[in-house]
Each structure stands twice: as C-alpha cells, then as structure tokens.
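# sequence-free structure coming up:
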C-alpha cells in the first residue's frame, strides 16, 4: 500500500540514522512522491561536490526497503568516491607524457610524470566521467520506474 510522502521521508531518515561514516554526512528531503538522498563531505574545507540521488516511491514502499536502500546507498557511495578523483592513470595517457624526464620539463605534470589536474585532457576525462556517472544514475532511475 502506498505511503504518504512524509512517511516515506521519515522511513528514509530513520534508515540514515543507522549509518555513521567518518568522512560523510547523510540527509534526505522529500522530492515529489519520492525522496532525495544528500551526501556531503564532512570537511567543508575540501573542495568536493555534494552527491544527490533519488529513491523512487516503489522502492520506498517495498517490503524489502531496508535491503534495497543499503544497496542503493552503497552504489551511490561508490559513484561519489569515483567522482572525487582529481587524477587517474587515464589522465597521464591523455596528456601523452613520457615519464619523469618529460615531467621535469613540463608545467602540466607533477614530479612523477603524471598529468596535473590542470591538464586540458585530464579535465576533459573528468568531465566525461562525471557525465558517465550522471547517465548511469539516470539509467538506474529509469529501471526503477
């Protein structure tokens, strides 16, 4: 039987109180008939984004809600932490660096020859990864419709 939106939000907030993390704060708010989960990095001096994901009313009303909620939360945490990367091995390949010697001669690499965050190719890769994550989350939402 469908629940009222405020009951769904209360159910999610009760579940979130069961989770404690040393780096992250969790909260939620009503969003239409569903609930939006908000994950924030505790240390606000670190410049990382806030992560949002939606829970569909059908998932919120499911008798196995607690299990599906944990799976969705852990999937979101994985996505969030992957999105936090400021450099990956692909950045180095995208910037065509040849190792530590090339790094010493370049303003765009750090001391070990990897692409620095300012590298245009690295920025493009990170933007593509963020877009990929958005598309993945959109597909996941569509599946849950």
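Structure's in. What do you need? Here the structure is a predicted model, which means the values were calculated and not measured.
# all helices for this protein, in order.
5-16, 57-61, 65-83, 89-94, 100-105, 120-143 (DSSP state H).
# mean pLDDT for those: which is lowest?
Here the lowest mean pLDDT among the helices of the chain goes to helix 100-105, at a mean of 42.
# Quick one: residues contacting residue 80.
When contacts are counted by C-beta atoms under 8 Å, 6 or more residues apart in numbering, residue 80 touches 39, 51. The C-beta positions use only the backbone N, C-alpha and C, and glycine is treated the same way.
# nope, residue 24 is what I meant
Listed by C-beta under 8 Å, 6+ apart, the contact set of residue 24 reads 39, 40, 41, 42, 77.
# Save the residues you listed as CSV, and put in neighbour count too.
CSV is the format used below for these (neighbours: other C-beta atoms under 10 Å):
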residue, neighbour count
39, 22
40, 16
41, 17
42, 10
77, 17
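# so how far is residue 72 from the residue nearest to residue 60 when sequence neighbours are not counted?
Spatial nearest neighbour of residue 60, chain neighbours left out: residue 8 (4.3 Å); criterion: C-beta to C-beta, 6 or more residues apart in numbering. Look at residue 8 and residue 72: by C-beta to C-beta, to the nearest Å, they are 14 Å apart.
# residues shared between the contacts of those two?
Joint contacts of residue 8 and residue 72 (C-beta under 8 Å, 6+ apart) are residue 55.
# Those two - which one has more neighbours?
Ranked by neighbour count (other C-beta atoms under 10 Å), residue 8 and residue 72 place residue 8 first, with 23 against 18.
# correct me, but the more buried one touches residue 58?
No - when contacts are counted by C-beta atoms under 8 Å, residue 8 is not listed as touching residue 58 (10.8 Å).
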